[in-house]
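Participant: Below is the sequence, then the predicted model.
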Amino acid sequence: MQSVMATLGPSSLFAGVDPGDRWLIVGTPSGDTARMATDEGLPVVLITAGSDELILGRRIDQHLLAAPYLTWSWKMSPHPGAYHPVRIAVGFADTSRPLDPKDVTLRDLPDGVRVLELVWNQRALRRGSLDMPNGDRPARYTVRGGAESLGKRWQEGVDLISLHDRAWPGLSTSHTRIVFVAARTVPGDWRNTGMSVPAALVSDLRLMR
């Protein structure tokens, strides 16, 4: 795990920040699931779906109102099913530092953390749609989609306050804090899908005012 983190470094997955010891890892990353790569001459992180969940990101303790915009770049491979298994995840909470800083690797996220997933959909017309959170399922916002957009590098940007208000209506953002930003893979059995294991090139995750 530590060698993987040293290889990834802070500069490709995150822009303008140095995570230092503030990595958040759920699962066990390896060279098969997350590694440095170069795409169009730019450093990126290649994230490949597997049989286990992986959350690889940065712990943050930032008021949502102070950093309401998230930008990043990604390039997606073909995938089975409606949603690409590699997506961006943002964690929200109403208390400061709900994630124990001593636990770099977690088995599960703690109670009280609300998760918004920013996903790629198989259908381009689903862009802008939001699946509401339900039980253990996070809120899921379709940023982009469609077969014609696969294999191309896209620069994305979302308004987190607007999406939080849509996903959790009636819940004030006055005390909401961003507690992590991460890349996440949803587990699956990709052996008999008739295509290569789904993967994504991700870089330059950045919170902005």
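Facilitator: Arrived safely, thanks for sending. What you see is a predicted model, and the numbers here were worked out from it, not measured in a lab. Residues are numbered from 1 along each chain as shown.

Participant: give me the number of residues near the nearest residue to residue 165 once chain neighbours are set aside?
Facilitator: Distance criterion CB to CB, 6 or more residues apart in numbering; nearest residue to residue 165, sequence neighbours excluded, is residue 173 at 6.9 Å. Glycine gets a C-beta too; all of them are placed from N, C-alpha and C. Residues within reach of residue 173, counting by other CB atoms under 10 Å, total 17.

Participant: and residue 173, what does it touch?
Facilitator: 64, 65, 161, 164, 165 (CB atoms under 8 Å, 6 or more residues apart in numbering).

Participant: separation between the last one and residue 206?
Facilitator: Counting by CB to CB, to the nearest Å, the separation of residue 165 from residue 206 is 22 Å.

Participant: do the same with the third one
Facilitator: Residue 161 sits at a distance of 16 Å from residue 206 (criterion: CB to CB).

Participant: what's the answer for the second one, then?
Facilitator: From residue 65 over to residue 206 the distance is 17 Å, taken as CB to CB.

Participant: excluding its backbone neighbours, what's nearest residue 94?
Facilitator: Residue 94's closest residue in space is residue 175 (CB to CB, 6+ apart), at 4.9 Å.

Participant: Which of the three states applies to that neighbour?
Facilitator: Under DSSP: H, G, I helix; E, B strand; the rest coil, the three-state class of residue 175 is coil.

Participant: quick revisit: need the phi and psi values for the residue nearest to residue 165.
Facilitator: phi -90, psi 10 (degrees, to the nearest 10).

Participant: what's the answer for residue 136, then?
Facilitator: Residue torsions, per degrees, to the nearest 10, at residue 136 are phi -80, psi -10.

Participant: what's the neighbour count on it?
Facilitator: Residue 136: 8 neighbours (other CB under 10 Å).

Participant: before we move on, what about residue 40?
Facilitator: For residue 40, using other CB under 10 Å, the count is 8.

Participant: Go ahead and confirm residue 156 touches residue 142.
Facilitator: No: in this structure, residue 156 is not within contact of residue 142 by CB atoms under 8 Å, at 11.3 Å.

Participant: more crowded one of these two?
Facilitator: Shown here are residue 156 and residue 142; by other CB under 10 Å, residue 142 has more neighbours (23 against 15).

Participant: Could I get the contacting residues of the more buried one?
Facilitator: 119, 120, 121, 126, 127, 128, 129, 130.

Participant: Repeat the analysis, applying 10 Å as the threshold.
Facilitator: When contacts are counted by CB atoms under 10 Å, 6 or more residues apart in numbering, residue 142 touches 82-83, 87, 117-131.
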